[in-house]
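J.: Build me a structure from this.
(one chain, ligands or ions: 2)
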Amino acid sequence: MNSTRTRIRAGAVAVALALLAAGCAAGAGRDGGVVHGTPGAAGLRDPYFPKLGNGGYDVGHYGLTLSYEPSTRRLTGKAEITATATQDLSAFNLDFSGPPVRSASVDGAPAAVNRAGNELTLRPRRDIDKGARFVAVVTYEGVPKTITDTDGDEEGWVPTSDGALAVGEPTGSMAWFPGNHHPSDKATYDVTVTVPAGLKALSNGVRTAERKTADGRGVTSVWHSAEPMASYLAVLAIGRFDTSTTTALGGRVPVLNAVDPTAAAKSAGLLAKVPGILAEQERLFGPYPFSSAGVIVEREGDLGYALETQTRPILPVSSFNSPTLAHELAHQWFGNSVSPASWKDIWLNEGFATYGEWLYEERTAHLPAQKSFDHAFVNDAVWDFPPAEPPTSEDLFSPPVYQRGAMVLHKLRQRVGDATFFEILKGWPAKYRHGTASTRDFTDYAESMTDKDLSGLWGVWLYGDKKPAKP
Ligand code: ARG
Ligand code: ZN
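T.: Ligands and ions are numbered 1, 2, ... in the order given. Model (predicted):
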């Protein structure tokens, strides 16, 4: 009995301490209202990046206003984040590894700011009710960081010879704007960027304005992404670029390409192929998911890899070849419209985009997908681990995810036959259009499309540890 009483009292003390810690008089909120909110989670427990993303809210829109000065490498930013609370919130986190924060507000009232590692915590003056829409504004200024991934690739903010690039797969976007940086929280974007006159700033979606600043020393470009985008697919390319426009898909989709002038001559022929590849992929994968398109071609040495940034992939000129272009454009369906539910599902991006390459070569280079499969089969590196189970974040972009991921699809094609396979290839991006999906969602979907038992196929090709005997 005594011990029970002690326990109760200890419990009451703990509650009072928690309330004090939250800056409240017992039972009353800071604004005099009743305390009801709790802090949103600092992460979404992604298997590779547990702190990536945040709980307690869902972002609907990012409005980013940025200016960049290449000579000093200083970025000035304002992020206006419109979100809906999914719980009563006393505080919430944003992922941010960018420059010092100057100010923060929620719904117009100053918010308290705390930074620890990549977590930026905002504590609004009043708790936010579950279901309420709110606007968080964060301003920041300084020199943003380049992130070197565990696999050695650079992402985040990458200064170049004539400007900078912002690329974010898998976790680099937090280097240049605060947000909910897990692919499961997609949002629309408006990005306004000012750079010195003579340079250009390219981003995703449609360019709705490009104008000189009042003093004539800068140029401001405004970009609009109407369809939801995972933050890792946001791009910014600042530098000297030759831009050109055309249309694709029967005039329905405006195309804006940007090429580093040193790469212009070499790139022209392939850039002209963009509308044709999109038309062919639309035939294979179903309606193109976005309302704009294009490509950014970077000068050699500025970026070590190609990335399928939404609506407008970015490729270093050395990777600007037709299979890689087909790969990055295929990602618009696989990865960008249907995004991975967690980073464990990365083969749904890379395996499908690689199969997109194989299909492109099947049609244009008369290289049957079976030949690409055979070629992959004898590559020892594809057997390092099963595509659905990359052991660490270092493995997310390695051969088992790409080639063996594509091999899974080729085996599926053999098992269900071309007619059903191509129905699946169209039906999958239709079913999860502008959403997120997991490996399980895919295997369930494929099974729903055939009477054949696919469990053995998944067991060997998607989850199996061992290289099977040559099929
Ligand atoms: N998704 C890119 C592709 O199209 C590769 C990105 C590699 N990124 C990285 N941080 N290693 O294949
Ligand atoms: Zn890819």
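J.: burial count for the residue in the stretch 351-471 of the chain positioned nearest to ligand 1?
T.: Relative to ligand 1, the nearest point of the stretch 351-471 of the chain is residue 397 (4.2 Å; C-beta to the nearest ligand atom). Glycine gets a C-beta too; all of them are placed from N, C-alpha and C. If you count neighbours by other C-beta atoms under 10 Å, residue 397 ends up with 18.
J.: Then residue 84?
T.: By the measure other C-beta under 10 Å, the count of residues near residue 84 is 14.
J.: Need the contact partners of the helix or strand where it lies.
T.: Assessed by DSSP states H and E, residue 84 sits inside strand 74-85. Outside strand 74-85, the residues that touch it by C-beta atoms under 8 Å, 6 or more residues apart in numbering are 56-68, 92, 94, 98-99, 128-144, 157, 176-180.
J.: Where in the protein is the helix or strand with the lowest mean pLDDT?
T.: helix 2-21 (a mean of 39; mean pLDDT, DSSP states H and E).
J.: Only the buried subset of the contacts of strand 74-85, as a PyMOL command please.
T.: Restricted to buried positions by 16 or more other C-beta atoms under 10 Å, the PyMOL selection for the contacts of strand 74-85 reads:
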select buried, resi 56+57+59+62+63+64+65+66+67+68+92+94+98+99+128+134+136+137+138+139+140+144+157+176+177+178+179+180
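J.: Give me the distance between residue 212 and ligand 1.
T.: 35 Å (C-beta to the nearest ligand atom, to the nearest Å).
J.: One more: residue 281?
T.: Distance from residue 281 to ligand 1, by C-beta to the nearest ligand atom: 15 Å.
J.: Ok, residue 259 next?
T.: From residue 259 to ligand 1 the distance is 19 Å (C-beta to the nearest ligand atom).
J.: so of the contacts of strand 74-85, which ones are in strands?
T.: 57-68, 92, 94, 133-142, 157 (DSSP state E).
J.: wait, what's in contact with the residue nearest in space to the middle of the chain?
T.: Centroid check for the chain by C-alpha atoms, centre = their mean gives residue 232 as the closest residue, at 2.5 Å. Residues counted as contacts of residue 232 (C-beta under 8 Å, 6+ apart) are 168, 169, 170, 171, 172, 173, 181, 183.
J.: Keep only those of the residues you listed that are in helices.
T.: Among these, DSSP state H puts none in helices.
J.: Pairing partners for the strand holding residue 84, with directions?
T.: strand 57-69 (antiparallel), strand 133-142 (antiparallel) (DSSP bridges).
J.: Let me know which of those strands is the nearest to residue 431.
T.: Nearest of those to residue 431, taken as C-beta to C-beta: strand 57-69 at 21.1 Å.
J.: Show me which residues of the stretch 101-250 of the chain sit near ligand 1.
T.: Proximity of the stretch 101-250 of the chain to ligand 1 is confined to 149, 151, 153, 155, 169 under the rule C-beta under 6 Å from any ligand atom.
J.: Nearest spatial neighbour of the last one, chain-adjacent residues omitted?
T.: I take that to be residue 169. Nearest residue to residue 169 in three dimensions, chain neighbours excluded: residue 232, at 4.6 Å (C-beta to C-beta, 6 or more residues apart in numbering).
J.: Counting neighbours, which bits of the strand holding residue 84 end up buried?
T.: Under 16+ other C-beta under 10 Å, the buried positions of strand 74-85 are 75, 76, 77, 78, 79, 80, 81, 83, 85.
J.: re earlier: tell me which two of the contacts of residue 232 sit farthest apart.
T.: Every pair of these checked by C-beta to C-beta; the farthest is 172 and 183, at 12.8 Å.
J.: before we move on, back to that, helix, strand, or coil at the residue nearest to the centre of the chain?
T.: helix (DSSP: H, G, I helix; E, B strand; the rest coil).
J.: What's the separation between it and residue 351?
T.: Distance, residue 232 to residue 351, by C-beta to C-beta, to the nearest Å: 18 Å.
J.: And residue 430, by the same measure?
T.: According to C-beta to C-beta, residue 430 stands 19 Å off from residue 351.
J.: near ligand 2, which residues of the stretch 251-400 of the chain show up?
T.: 350, 353 (C-beta under 5 Å from the ion).
J.: Quick check: the residue of the stretch 251-400 of the chain nearest ligand 2.
T.: Ligand 2 sits closest to residue 353 of the stretch 251-400 of the chain, with a gap of 4.3 Å, by C-beta to the ion.
J.: Give the rounded mean pLDDT of the helix or strand harbouring that residue.
T.: Following DSSP H and E, one finds residue 353 within helix 347-364. Mean pLDDT, computed over helix 347-364, is 98.
J.: Just list what it packs against, helices and strands only.
T.: Contacts defined by 3 or more C-beta pairs under 8 Å, 6 or more residues apart in numbering; DSSP states H and E place helix 347-364 against helix 274-285, helix 322-330, strand 338-340, helix 369-377, helix 405-431, helix 439-448.
J.: which of the ones you listed is buried the deepest?
T.: strand 338-340 (a mean of 26; mean count of other C-beta atoms under 10 Å).
J.: tell me what that strand is packed against?
T.: Strand 338-340 packs on helix 347-364, strand 435-437, going by 3+ C-beta pairs under 8 Å, 6+ apart.
J.: could I get those as TSV with distance to residue 202?
T.: Shown next, in TSV, are the helices and strands packed on strand 338-340 (distance: least, C-beta to C-beta, whole Å):
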stretch	distance to residue 202
helix 347-364	22
strand 435-437	26
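J.: List just the one of the ones you listed that sits closest to residue 307.
T.: Using C-beta to C-beta, the helices and strands packed on strand 338-340 put helix 347-364 closest to residue 307, at 11.1 Å.
J.: How far off centre is the closest one?
T.: Once both centres are worked out by C-alpha atoms, centre = their mean, to the nearest Å, helix 347-364 turns out to sit 20 Å from its chain's centre.
J.: Identify all contacting residues around stretch 398-416.
T.: For stretch 398-416, the external contacting residues (C-beta under 8 Å, 6+ apart) are 151, 346-348, 350-355, 357-358, 369-370, 372-373, 376-377, 379, 381-387, 390, 395, 421, 424, 446, 449-450, 452, 454, 457-458, 461-462, 471.
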